[in-house]
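1. output the structure for:
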Amino acid sequence: MSFTPRTIDESYAACLTRAREHYENFPVASLLLPKDKRRCVAAIYAFAREADDPIFIALADTIARHQLPVQLLHDLISAFEQDVRVSAYETFADVLAYCRLSANPVGRLVLHLFGRTSPGLLEQSDAICTALQLTNFWQDVAVDRDKGRCYIPQEDMRQFGCTDAAIREGAATPAFVAMMRFEVERTRALFLRGSRLPLTVGGRLGFELRLVRLGGMRVLDKIERAGCDVFKRRPQLRAADWGGLLMRAALPSPAGAEAPTR
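-> Sure thing, here's the model as predicted:
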C-alpha cells in the first residue's frame with residue numbers, strides 16, 4: 001500500500017505531537033537531533049508507546065528509508081502482549097527479560113537509524129534503555145499498583161520483607177524503603193555500564209543520549225531524596241531540572257557523563 005507525501009507528513013506530525021506531549025524522563029526527538037532523523041525517532045517512540053494507524057504510516061516510511069530491522073518492532077509488540085498476560089514478575093531476571101522486549105529495541109532502532117550498529121554500542125544502548133525502563137518502574141510503583149501491576153521482583157520483596165499489603169496501602173515502610181534503595185543502586189549500575197555510549201557516538205546524537213542518561217539518573221536521585229516514598233508524590237523531572245542537565249551534558253570531558261546528578 002502506498003501513501004501520498006501529504007499523508008506521510010501528517011502521520012509524522014502526529015508522531016511528533018505525541019512525543020512532545022507525553023512526559024518522559026528523557027528528551028524524545030528533540031531539536032538536538034538532525035531534522036531528517038527527528039521525525040523518524042518520533043515515529044519509533046510513538047510506536048513504542050501505542051500503536052495505531054497514523055503511527056504505522058510514519059513507521060513504515062521510516063523502516064523503508066532506513067532499512068530498520070523489523071524483528072525489533074515485533075519485540076515491542078511482544079511487550080504489549082506480555083503486559084496483558086503478566087501482572088507480576090518473580091525474579092529480576094524476569095524483569096530484565098521484559099525490558100529486552102519493551103525498552104531495548106527502541107535504543108537499538110535509534111542506533112540503526114544513525115548507522116551505529118556495532119555490537120558494543122548496541123550492548124551499551126541496552127544497558128541505558130533497561131535502566132530507563134527500571135527507573136520508570138520504580139517511580140511508578142503507585143501508578144502500576146492502580147493498574148493491577150507490579151514490576152518489583154517478588155524475590156526482592158521477600159528478601160526485604162516488603163509485603164503486597166504495604167504497596168496496596170501506599171505505605172513507605174522501612175522494608176519498602178530498603179528495597180527501593182537496593183533497586184535504585186542496581187539501576188545506577190546499568191546507567192554506568194552504558195556511560196561510554198554518548199561519548200563514542202558523539203555529535204548531536206551523542207549529546208541527546210547524554211541527556212537521556214542524565215535525565216534517568218536525576219529521577220533516581222529524586223526517588224532517594226524523597227526517602228523512596230513514591231506514593232506521596234511521583235518523582236519526575238521538571239523544567240528547573242533541565243537547565244542543570246543541559247549544562248552537565250555540554251561538558252566536553254567524560255566527567256560530563258560520569259558526574260553524579262545529585
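2. okay, buried residues for stretch 238-253 please.
-> For stretch 238-253, burial by neighbour count (16 or more other Cβ atoms under 10 Å) applies to Asp241, Trp242, Leu245, Arg248, Ala249. Glycine gets a C-beta too; all of them are placed from N, C-alpha and C.
3. may I ask which helix or strand encompasses the third one?
-> Under DSSP states H and E, the secondary-structure element containing Leu245 is helix 239-249.
4. just how off-centre is that helix within its chain?
-> Relative to its parent chain, helix 239-249 has a centroid offset of 18 Å by Cα atoms, centre = their mean, to the nearest Å.
5. re earlier: could I get the buried residues of stretch 238-253 as a markdown table with pLDDT and distance to Phe56?
-> Formatted as a markdown table, those follow (pLDDT from 0 to 100; distance: Cβ to Cβ, whole Å):
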| residue | pLDDT | distance to Phe56 |
| --- | --- | --- |
| Asp241 | 89 | 34 |
| Trp242 | 85 | 31 |
| Leu245 | 89 | 33 |
| Arg248 | 87 | 37 |
| Ala249 | 86 | 33 |
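6. which among these gets closest to Leu197?
-> Using Cβ to Cβ, Ala249 comes nearest to Leu197 of those, at 13.1 Å.
7. pretty sure the closest one is touching Leu211, no?
-> Yes: when contacts are counted by Cβ atoms under 8 Å, Ala249 is listed as touching Leu211 (4.8 Å).
8. so where's the chain shaky on pLDDT?
-> By pLDDT under 70, the low-scoring segments of the chain are 1-2, 21-23, 25, 27, 29, 51-53, 252-262.
9. domain map for it?
-> What automatic domain parsing lists as the domains of the chain is 1-67, 70-258.
10. how close does Ala46 sit to Val184?
-> From Ala46 over to Val184 the distance is 29 Å, taken as Cβ to Cβ, to the nearest Å.
11. next one: Asp144
-> Using Cβ to Cβ, which is the criterion applied here, Asp144 is 16 Å from Val184.
12. can you give me the distance of Gly243 to Leu211?
-> 12 Å.
13. what's the answer for Gly170, then?
-> From Gly170 to Leu211 the distance is 32 Å (Cβ to Cβ).
14. next: Ile128.
-> Ile128 is 11 Å from Leu211, by Cβ to Cβ.
15. so between those two, which is more surrounded?
-> Applying other Cβ atoms under 10 Å to Ile128 and Leu211 shows that Ile128 carries more neighbours, namely 25 against 21.
16. so which helix or strand takes in the more buried one?
-> Element membership of Ile128, judged by DSSP H and E, is helix 119-139.
17. for that helix, packing partners?
-> Helix 119-139 sits against helix 92-102, helix 104-113, helix 174-193, helix 197-201, helix 203-225, with contacts defined as 3 or more Cβ pairs under 8 Å, 6 or more residues apart in numbering; DSSP states H and E.
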